[in-house]
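*Asks:* sequence plus the predicted model coming up.
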Amino acid sequence: MDRRAFVGSVATTIAAGSLAGAERKPHVLVLVGPSSHPPGSHEVAAGGRLMKHCLENISNTKPIHADVMDKWPTDSSSLEKYTSLVFIGDIFPPMRMANTQQILKDIGAMMDRGCGIVCVHYATGLSKNDVTEDGEHPLLHWMGGYFATGCKHHQSIARLFPKATITPASSDHPIQRGWSEFTINDEPYINNYFGKDGNKLAPNVTAIATSMLPPENPKAEVVAWAVQRKDGGKGFGIVMPHFYRNWNDENLRRCILNGIVWSAGSEVPKEGVITRLPNLEQFQPDSVEPKPRPAKPVTPKKSP
């Protein structure tokens, strides 16, 4: 083969490889982390199954295949097919799983190749043992912010609000398509952490939803946000829903699904992601409605 033919062959191979990368099909891994909340609250396993159902039954654009797991895959090569990671659990799940450092290394490699990341409600959270004293953690850069609980550098607030009105932020971001302002009884975290620059959103981070909270001293709190990273990847964080029943709210659900679809590299339809949701009981929660935490059994004292 002469030099010109060789160069042409290499160029064709590179172009074909680039095209294959560009045409990678959206494929989502939903990672369910540990949770100790009472029935009807968080319901992370049921929430994971619900998101899989919704993604695979989108009616107005191509459905997205999703796998639901409660353990991180041991074979790192199996992660290559995923275009986005979705986390649901109490605290960012990798921080509560075995082999945390290897998981973070795997996620870092995925982020470097432009994989998306989404965290739902408490999965946006990091505690003082997860971060450095000044709040540094990879999640801050992967997702653009996090819920800081019990941290030295910053303290976010978790509080149940009987009525929290969630308003689309003033931007034309794809995640904002097809949903409108809604009011919900839930626990949207406030005073979330976005970085050392006066806790301002970084230039590549966009507010997706705000809420005027708390009622006694309201200001526009960012309760959902998105980041467009330099590596080409996309991140989305949303601090709801706390109550499992709130998945029934179409506006909230569409915002979350829009965020996942966007993060996975698919186009969000102009009317937002539409999918038919069956009865919430189908996804096998401990309870659809919130229930108090079961009382611990009392051990009778032995007679002297």
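*Replies:* Structure received.

*Asks:* where does this protein have low pLDDT?
*Replies:* Confidence mapping of the chain against pLDDT under 70 gives the ranges 1-23, 294-304.

*Asks:* where's the residue most central in space within it relative to residue 142, distance?
*Replies:* By C-alpha atoms, centre = their mean, the chain has its centre lying nearest to residue 119, at 1.9 Å. Distance, residue 119 to residue 142, using C-beta to C-beta, to the nearest Å: 9 Å. (Each C-beta comes from the backbone N, C-alpha and C, glycine too.)

*Asks:* just the helices in the stretch 201-304 of the chain please.
*Replies:* Using DSSP state H, counting those that start in this stretch, the helices found in the stretch 201-304 of the chain span residues 250-263.

*Asks:* sorry, back to before: surely the residue nearest to the centre of the chain and residue 89 touch.
*Replies:* No: contact criterion C-beta atoms under 8 Å: residue 119 and residue 89 do not qualify, at 9.1 Å.

*Asks:* quick one: residue 47 is in a helix?
*Replies:* Yes: per DSSP: H, G, I helix; E, B strand; the rest coil, residue 47 lies within a helix segment.

*Asks:* please look at it and residue 247 and confirm they touch.
*Replies:* Yes: the pair residue 47 / residue 247 is scored as a contact, 7.0 Å apart, by C-beta under 8 Å.

*Asks:* with neighbour numbers in mind, choose between these two.
*Replies:* Higher neighbour count among residue 47 and residue 247: residue 47, with 27 against 23, using other C-beta atoms under 10 Å.

*Asks:* any idea how far residue 156 is from the more buried one?
*Replies:* Using C-beta to C-beta, residue 47 is found at 21 Å from residue 156.

*Asks:* got it, and residue 211?
*Replies:* 14 Å.

*Asks:* and for those two, which residues touch both?
*Replies:* Common contact partners of residue 211 and residue 156 (C-beta atoms under 8 Å, 6 or more residues apart in numbering): residue 190.

*Asks:* tell me the contacts of the residue nearest to the centre of the chain?
*Replies:* Per C-beta under 8 Å, 6+ apart, neighbours of residue 119: 86-88, 92, 139, 143, 146, 236-238.

*Asks:* what about those, which are in strands?
*Replies:* If you go by DSSP state E, these have 86-88, 236-238 in strands.

*Asks:* turn those residues into CSV, including neighbour count.
*Replies:* Below are the ones in strands among the contacts of residue 119 laid out as CSV (neighbours: other C-beta atoms under 10 Å):
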residue, neighbour count
86, 29
87, 27
88, 26
236, 30
237, 31
238, 25
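
*Asks:* just those residues now: which is nearest residue 162?
*Replies:* residue 238 (19.9 Å; C-beta to C-beta).

*Asks:* pretty sure that closest one is touching residue 254, no?
*Replies:* No: look at residue 238 against residue 254 with C-beta under 8 Å: they stay out of range, at 11.6 Å.

*Asks:* number of nearby residues for residue 198?
*Replies:* So residue 198, with other C-beta under 10 Å, has 6 neighbours.

*Asks:* list phi and psi for it.
*Replies:* Main-chain torsions, residue 198, degrees, to the nearest 10: phi 60, psi 20.

*Asks:* where's it relative to residue 223, distance?
*Replies:* 19 Å.

*Asks:* contact partners of stretch 256-267?
*Replies:* Applying C-beta under 8 Å, 6+ apart, the contact partners of stretch 256-267 are 24, 26-28, 51, 54-55, 58, 61-62, 64, 83-84, 86, 116-118, 120, 174-179, 208, 224, 226, 233-236, 238, 268, 272-273, 275.

*Asks:* thinking again about what came up before, give me the more crowded residue out of residue 211 and residue 156.
*Replies:* For residue 211 versus residue 156, neighbours defined as other C-beta under 10 Å are more numerous around residue 211 (25 against 21).

*Asks:* which residues touch the more buried one?
*Replies:* By C-beta under 8 Å, 6+ apart, the neighbours of residue 211 are 164-167, 188, 190, 220-221, 223.

*Asks:* dump these into CSV; add neighbour count and distance to residue 35 as well.
*Replies:* Output for the contacts of residue 211, formatted as CSV (neighbours: other C-beta atoms under 10 Å; distance: C-beta to C-beta, whole Å):
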residue, neighbour count, distance to residue 35
164, 23, 22
165, 13, 27
166, 26, 23
167, 15, 28
188, 27, 18
190, 20, 21
220, 12, 30
221, 21, 24
223, 25, 20
